[in-house]
Structures are given as structure tokens and as C-alpha cells.
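Engineer: Please work out how this folds:
(one chain, ligands or ions: 1)
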Amino acid sequence: MNVLDSELVVAALRRQGWEMAATTAEADAVFYNTCSVRQHAEDKIYSALGRIRSEKEKRPALVVGVLGCMAQKDQALIRARAPWVDLVVGPGQLHRVPGLVDLVLGGGGPQMEVSLDRKAGSRDAVAQSFESYDPDRDPAMRPTPFQAFIRTQTGCDKFCAFCVVPRVRGPEQARPPEAMVAEAKKLVAEGCREITLIGQTVNSYRWADGGKTTRLADLLVMLDAIDGLDRIKFVTNYPRDMTPDLIAAVRDLPKVCHYLHVPAQHGSDDVLTRMKRGYTIGEYMEMLSRVREELPHAAVTSDFIVGFCGETDAEFEATLDLVRSAGFKNSFIFKYSPRPGTKAFERQADDVPEAVKKERNNILLEAQAEVSLAGNRRFIGSRQQVLVEGLSTRDEKRAVNPGPDGVAQLTGRTMCDRIVVFDAPLRLVGRLVDVDIESAGAWSLAGTVAAGVADALPLEALRYSDEAAPPPPTLHSIKLPT
Ligand code: SAH
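Structural biologist: Sure thing, here's the model as predicted:
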């Protein structure tokens, strides 16, 4: 979500004549787009603000801005701790950044624009103070030129006891389906081949217009019909909204990736109750078995919090059991971090010692690594369709620059979001290729581009133009060796 917000702010500033600088020393303005989900993310920003202080003292005209969730959460506290900050702008006010920068440069002094607190007015008034900010895009700021995010909704109404997101990103507000389809078509015309729909709980998406209701499954049907688009992903899913129509849409629509991020958060019913997650492990497993039945090779991934308030050894063991048995492709594991303004912060003690959180974090990571390795090994000997994303981390670190025809170690992802590493000409970046999988680690697969595929593609620079290209391989979902 923050990558997308940054893309939009940069696009707006560019239209006003700004350009990206390579370093802060060359910059006339420095913006930090921030996250509040854990304390650690906020600490990093306060340290960065400490580092920029001397630069600001040397060059008082430098504009320093703090954007995003931390701006909404800490508001005036940011300038109290770092008075050299000129701009504090919440995630619901990002459209105002260019105007506010002008005010600062015009001598108007420090500026702060944040949305209403969730309890500061009626739902409508609060919702209106968080403005959706979507139409303007900047291709140069995307993860790659052929991948883009599209927001399905802003905010969140789930109010999990641990989570600050509903407070800092405001009430859940869906975007009209037509706006997203138009945005997708525009992105595809610019060369985009993969779109990832993003919402705090993307599968809760619901748009009612007259007598007609559009849900995520309906939106996927509309996007799947767009010519030139190869892949559609969506994150993050809320377990209770993993409805049969959505699972069927993933099964039946060829462009929709078989990749479902559905955070369980914990393996114990008591902890799930304390977390106010709204489901039991029995219900989660029932959802998972429906997914496995319809999409046998789909990758399901999860988030987990360890060391939540009052978590006992036995409760942690329940999470460990879930990780050992559920077959997640991977899990993102977090140590609980109390967040002001949440129910858990107000009513439950953060009583698990840091050392215990750390130990549980490591144990769970290790268990997941074993499961991930076993899951990935099943792919050895199969042929997978891969969207080539770019140089592998190894060759990126070596600053390899082989030219479009030179062979480098490249990386891409399968339909089920598995990372694949292989040697191939750089001109394959942005294309779908078939790769024969030869080996597997816990976090990636490795293989060789299937004979004929790489050679058949014509020479061309990194423009991803399709004019001279052969027809793309037909889309297929995941097949494993039997
Ligand atoms: N709704 C979005 C963003 C949630 S934050 C989504 O689901 O992707 C991403 C993850 O951070 C959550 O799933 C949860 O596992 C973790 N998280 C949220 N609040 C946390 C907290 N206070 N401490 C530790 N981890 C937290």
C-alpha cells in the first residue's frame, strides 16, 4: 500500500516540475512515507529524521516531510520530537502534498494535514476526511515497468485488537469497479502485464450500485477479460470472506494467480478471541480445505503474531502445530508490538518478555522453513510458467550489466507466486517463459528456460514492446509431476 502511495505522490510532484534526486544531499525536498504497524517501523523513521537534521541545518530551504500512517498517528508529536520537519501529511490527505510543499516554499511555515480521528465525528464525516487518491500514476515508480498495484478499497473496519490500521487509514471505503477496470486498461496500454489488487482485506470488497452488488469475484471476471493483461493477484484476504464464489473465480479465470495470502495470525482459539479475529481455527481449517479441494496446487500463505498478550507456551504450541500441518507456502512472522489506540493496547498487558517473543519467532520461522522446503521440492521435474521480473539478487549485487542479449541470472515468479531463479538473456525480462524446475530451496526454485522458448524470442531492447514478439505462451495453471 505504501509503495502505491509513494508512486502517486511522486507522480503528482513530477507533474509540478519536481524530479527524483539520487541522494538526499542533492535533494531540495525529502519525504518519508511511513508505516505504524509495529514500533520498529516508527523507530526507523525517527532515526532517519535524526540523520536529516544536520542537512536541514546546513540548508534551511530543504523541505522535510513525514507522510503516511505515522503522520496520522503521531500528528503534532512529530514536530515536537523533530521540529525541523516542515510537512506532516496523513494517508488520507496525500493529494494535498504538492500544494502544501508550495506553501512551505512560499514561506508559509510548517504544514500539517491529517484526517479526522475515528471517534471525532460521524462515520460519514470521518470517511470523507480520508480521501481516496488514485487516478494519477507514474510508471517509473512501479516495482517493475510491467507490474502495478491497483487499490480496491481504502481503510479497514475489522478492528483486530492488535492492529492500528483502522485508526490510521480510516473507515473501509470501496472504489467503484469501473474506475479500477479503467485504471487497469490504462496500465496495460502502458505495458503492464501483471496487476495486484490491494486492500487491507481485499476479499471483503463490496460495491453496491442501485440493485447490483459487485464483489471481488465479479471484479476478477471484469479484469480477466482485459486483452494484454497476463496475471492478476490480490492481497490481503480475511479468512471469513474467502467465499466459494471467490475460490471458484480463482479456479476458473485463467489470469488469476493461484496464490492466496490469508493470514491466520494464531493457532489457538483463545488467542484468536483475545485478538478479536472473528473466527476459530476450526473455521479457518474448513476454509483451507475448501481452497485445497478446488485449487489443489494453490499457494496459501499466512501472517502470524508471536508473543501476543498473555500467550502461554501451550498457546504458542498451537500456532506451531498449525504451521506444521497447514502447508503454507510461507509465513510472515511478527513479534507482537503494542500499538496505542488499539483495544489490546488499552485492555491487555504486553506481558510476554522480549526474549520469549524472539525465541518463539525463531522456532516458528524454522518450522515454516521446513514446510516451505518440502512444498517447493514437489515442483522439481515440473515445467512452470514464469513472469520474468529482473536480475536475481546475486547478479544485482554484482551490478551485472550484460546488455539485452547477454545471459544473466534472472528471477521471476510462477502462477503460485514461487520465486524461480534461472540463467537467461536479459531481454526476457517482462515476459512469460516456461522454466523446467531442477532444484528447490525453502524460499525459491531453480531451473532452466524450456528449450525453444528463449531462442524463439526476437532481439529487442528492454521496451517490452509486443509488436515483433511471438504469441505469448498460453496461460496455464500449476501442474506438478504425478
Ligand atoms: N490488513 C493488511 C495489513 C495488516 S499489517 C494485511 O492484512 O496485509 C500486516 C501484518 O502485520 C498483520 O497481518 C499482522 O500479522 C502484523 N501485525 C499487525 N499489527 C501488529 C502488531 N501490533 N504487532 C505485530 N504484528 C502486527
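Engineer: and the protein, what are its domains?
Structural biologist: 2-126+473-479, 137-377, 383-463 (automatic domain parsing).
Engineer: anything in the longest one near the ligand?
Structural biologist: Yes - in terms of C-beta under 6 Å from any ligand atom, part of domain 137-377 sits within range of the ligand, namely 156, 162-163, 165, 200, 236, 263, 265, 303, 305, 334, 336-337, 339. Any C-beta I mention is one placed from the backbone N, CA and C, and that applies to glycine too.
Engineer: How about stretch 68-88?
Structural biologist: No - Stretch 68-88 lies out of reach of the ligand by C-beta under 6 Å from any ligand atom, never closer than 10.3 Å.
Engineer: Please tabulate the domains of the chain in TSV, including the columns mean neighbour count and mean pLDDT.
Structural biologist: Formatted as TSV, these follow (neighbours: other C-beta atoms under 10 Å; pLDDT from 0 to 100):
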stretch	mean neighbour count	mean pLDDT
domain 2-126+473-479	16	93
domain 137-377	18	96
domain 383-463	18	83
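Engineer: related to what we said a few turns ago, and the residues of domain 137-377 next to the ligand, which of them are in strands?
Structural biologist: Asp303, Ile305, Phe334 (DSSP state E).
Engineer: any idea which of these is closest to Ala76?
Structural biologist: Of all these, Ala76 sits closest to Phe334, with 28.4 Å by C-beta to C-beta.
Engineer: Surely that closest one touches Phe308?
Structural biologist: No - here Phe334 does not reach Phe308: they are 9.8 Å apart, not a contact under C-beta atoms under 8 Å.
Engineer: what about the helices in the stretch 201-350 of the chain?
Structural biologist: 216-224, 244-252, 269-274, 281-294, 313-326, 343-347 (DSSP state H, counting those that start in this stretch).
Engineer: angle of the fourth one against helix 244-252?
Structural biologist: Following axes from the mean of the first three to the mean of the last three C-alpha atoms, to 10 degrees, one obtains 30 degrees for the angle between helix 281-294 and helix 244-252.
Engineer: contact partners of helix 281-294?
Structural biologist: The contact list for helix 281-294, computed with C-beta atoms under 8 Å, 6 or more residues apart in numbering, reads 239-240, 242, 244, 247-248, 250-251, 260, 262, 264, 267-269, 272, 298, 300, 318, 322, 326.
Engineer: what do you get for stretch 74-90?
Structural biologist: 31, 42, 46, 49-50, 52-53, 56-57, 63-72, 96-97, 100-101, 104, 110-115, 130, 168.
Engineer: Tell me how far Asn33 lies from Ala264.
Structural biologist: Distance of Asn33 to Ala264, given as C-beta to C-beta, to the nearest Å: 29 Å.
Engineer: wait, I meant Cys163
Structural biologist: 14 Å.
Engineer: Run through the residues that contact the residue of the stretch 51-200 of the chain found nearest the ligand.
Structural biologist: At 3.6 Å from the ligand, Gln200 is the closest residue in the stretch 51-200 of the chain, using C-beta to the nearest ligand atom. Listed by C-beta under 8 Å, 6+ apart, the contact partners of Gln200 are Met1, Gln153, Gly155, Cys156, Lys158, Val165, Arg169, Glu172, Thr236.
Engineer: measure the residue nearest to the fourth one when sequence neighbours are not counted to Ala179 for me?
Structural biologist: Looking back up the chat, that one is Cys156. Leaving aside its chain neighbours, Cys156 sits nearest to Gln200 (3.8 Å; criterion: C-beta to C-beta, 6 or more residues apart in numbering). Separation of Gln200 from Ala179 (C-beta to C-beta): 18 Å.
Engineer: Test my guess that Pro404 contacts Leu426.
Structural biologist: Yes - at 5.3 Å, Pro404 counts as touching Leu426 under the criterion of C-beta under 8 Å.
Engineer: what sits against Met1?
Structural biologist: So Met1 contacts Phe149, Arg151, Ile198, Gln200 (C-beta under 8 Å, 6+ apart).
Engineer: my bad, should have said Pro139
Structural biologist: Pro145, Glu190, Gly191.
Engineer: so who does the residue nearest to Ser36 when sequence neighbours are not counted touch?
Structural biologist: Nearest in space to Ser36, with sequence neighbours left out and distances taken as C-beta to C-beta, 6+ apart, is Cys69 at 4.1 Å. Contact analysis of Cys69 by C-beta under 8 Å, 6+ apart lists Thr34, Cys35, Ser36, Val37, Gly90, Pro91, Val164, Val165, Val168, Arg169.
Engineer: at 7 Å instead, please
Structural biologist: Contacts for Cys69 (C-beta atoms under 7 Å, 6 or more residues apart in numbering) come out as Thr34, Cys35, Ser36, Pro91, Val168, Arg169.
Engineer: just His266 next, same as before
Structural biologist: Leu272, Met275, Phe304, Ile305, Phe308, Thr319.
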